[in-house]
Every structure is written in structure tokens, then in C-alpha cells.
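Visitor: structure, please.
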Amino acid sequence: MAEVRKAAVAGSWYPGTASALADAVDHYLARASGDLPGDVVAVVAPHAGLMYSGPVAAHAYRLLRGRTFDVVVIVGPSHFIGFDGVAAPPVLGFATPFGVTAVDVDVVSALIQTGAVREHAAAHVREHSLEMQLPFLARVLPDVPIVPLVMGYQTSQTAMALSDALASVLPLRRALLVASTDLSHYHDAATASRLDGVVVDHVRRFDADGLQQSLDAQPEHACGGGPTVAVMRAARALGARDVAVIAYGDSGDVSGDKSNVVGYMAAVLGNFSRE
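Guide: Down below sits the predicted model:
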């Protein structure tokens, strides 16, 4: 087993030094607003370059401060390698500018034993969908180990198998699930908003089956739709009953170019106080 998976996009998609990265992440966290009393089981967050997706992702991660978890399971899509199933890397940690984030190898091993996950080192070498979550996790949940999972072909069968595996392995742990996904890509903002609204609506209604059906009909709704479906189903099985979509935006909010955007959403799943 390799010791550490090297960072693939440090210095390009996000600052490559600890001080600059801390300044950037803390800036986004400070600008995020709102509170959500209750238990958090899962979050949905985007994974584009930090300057574009960070302002949206921060809304989800801000709510994790002060909470306690044993492990964070991150599920993202594979952007570079096509394969069946879900891949875990044979490593002990992920390198970041803040140091090495440890991998919970016991949970990884348990998931592999279910048959829903397998080792696939190559799927992780260039993949950014998990890596883009690590700067936020390092600031709000330092020292909590991760379970890094990349989904290949995003079939309903793969999403279902992963959700079942997570539900079977995690009940005795205080686990946070993270679904890493951007929404529609490279439409004008109005078109993007319509496409993204389908995903937002299904997530807001905690309708994983409906989201899967929409993705089957039109996969361009979200690049990480399969991971989102799997996390929603697993969160439900682990006791979550509520969802809050807390932020939506697109890359044009930062670039100023609304003719060709990528959509971003932040959502939280759990059990929230009703007063």
C-alpha cells in the first residue's frame, strides 16, 4: 500500500501553500451565513476551482464547525477514467498543503468486503472531485480521517450498491457523508438555472429516486449525480429525515461571464430542529 496520494491540483485549482489556502478558505467560511440546529448526516458540495465553487461550498462546510465525527466519507465522480463500480485508493493518506489527511483504512476495507467498492489506484491519481473538499474539511474538521471514493460509470445499480454498502458499514460510527458534485456545465446562466433547478428540487424534497430518474433521462444535470444519489440514499438509511438546500450559484457570479457557466449547489441532510 502506498503511503500518500499526492495532491493533483494544489497550486492551480486552489492555493498551494498552507497560509494562502487557509486565508482563502477562511475568507469563504466567514462570508457564509446562517445556522441549522440539529444533527448533520451529509452535505452536498461542489468541486470546481476554489475561487469559483468555494463561495457556495462554504455554506455547507460552515455548518460543520463545532460538530464531532469519527470519519468523513467523500464520494465523487471520476472525470478521467471510465470504469464499473466505485474505487478506493490503496493509500494511507491524501497530501494537502495543510499536511496529510489520513484515510480510515478500516472503513475502506469494510466497504471493499461488501463488494460495492474495489481498489483502483489509477482512478484517484488525477481526480479533483475529492481533493477539492479537503481544504474545507481541514479547516472545519481537522484530524478527522476520510474515506475517499470515486464512482466510475454512474448507473443506478452502482449508486444503489454503494448506498447499501455505506448503510451497512457506518451505523456504529459518527459518519459524515459528502457528495461532491457540480451541476450543469457550459450553458448560459438562464439555461443552467433551469437544468440545475431539477437537481435542486429533487434534493430539497429528499427524492433520491426522482433524481436518479432525471439523471437517467438527462445526465448533464450534474457531473456527480450518481454520488449524490448514493449519499442521499445512505443518509436516509442512516437516519436523516430533513434536507436544506442552503446555497446555489454559478461560475458567472465570480467571472462575470453569464454566457457559459457551471452550476453549484450546497445542501445539508440530517435531522434539524423545528421550532
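
Visitor: which parts of the biggest strand by length in the chain are buried?
Guide: Longest strand in the chain, counting residues (DSSP state E): strand 261-272. By 16 or more other CB atoms under 10 Å, the buried positions in strand 261-272 come out as 261-270, 272. (Each C-beta comes from the backbone N, C-alpha and C, glycine too.)

Visitor: cool, stretch 205-222 as well?
Guide: Using 16+ other CB under 10 Å as the test for burial, stretch 205-222 gives 206-208, 211-212, 214-215, 221-222.

Visitor: repeat for stretch 161-176
Guide: 161-167, 169-170, 173, 175-176.

Visitor: what lies in contact with that stretch?
Guide: 40-43, 64, 67-73, 75, 85-86, 107, 110-111, 114-117, 141, 144, 149, 151, 177, 229-234, 237-238 (CB atoms under 8 Å, 6 or more residues apart in numbering).

Visitor: switch the cut-off to 7 Å
Guide: With contact meaning CB atoms under 7 Å, 6 or more residues apart in numbering, stretch 161-176 is reached by 40, 42, 68-73, 86, 107, 110-111, 114, 116-117, 177, 230, 233-234, 237-238.

Visitor: stretch 248-255 too?
Guide: For stretch 248-255, the external contacting residues (CB under 7 Å, 6+ apart) are 48, 51-52, 55-56, 189, 192, 196, 200, 258, 261-265.

Visitor: repeat that for stretch 102-109.
Guide: In contact with stretch 102-109 (CB under 7 Å, 6+ apart) are residues 71, 88, 91-94, 145-148, 169.

Visitor: restricted to helices, list those.
Guide: When the contacts of stretch 102-109 are checked against helices (DSSP state H), the matches are Val169.

Visitor: which residue packs closest to Asp201, ignoring adjacent ones?
Guide: Asp207 (8.0 Å; CB to CB, 6 or more residues apart in numbering).

Visitor: and that neighbour, how close does it get to Gly34?
Guide: Counting by CB to CB, to the nearest Å, the gap from Asp207 to Gly34 is 23 Å.

Visitor: give me the most central residue, the chain.
Guide: By CA atoms, centre = their mean, the chain has its centre lying nearest to Ser180, at 2.4 Å.

Visitor: for it, give its distance to Gly224.
Guide: For Ser180, the distance to Gly224 - CB to CB - is 5 Å.

Visitor: give the residues shared as contacts by the two.
Guide: With CB under 7 Å, 6+ apart as the test, Ser180 and Gly224 both reach 76, 129.

Visitor: low-confidence ranges, the chain, go.
Guide: 1-2, 273-275 (pLDDT under 70).

Visitor: buried stuff in the lengthiest helix in it?
Guide: Longest among the helix segments of the chain by residue count, using DSSP H, is helix 189-204. Residues of helix 189-204 classed as buried: 189, 192-193, 195-200, 202-203 (neighbour count, 16+ other CB under 10 Å).

Visitor: export these to TSV and tack on distance to Ala8?
Guide: TSV is the format used below for these (distance: CB to CB, whole Å):
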residue	distance to Ala8
Ala189	29
Ala192	26
Ser193	30
Leu195	28
Asp196	26
Gly197	32
Val198	30
Val199	26
Val200	29
His202	30
Val203	28
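
Visitor: between these, which is nearest Glu127?
Guide: Nearest to Glu127 among the buried residues of helix 189-204: Val199, at 21.2 Å, using CB to CB.

Visitor: for that closest one, give me its contacts.
Guide: Contacts of Val199 (CB under 7 Å, 6+ apart): 183, 211, 221-222, 265.
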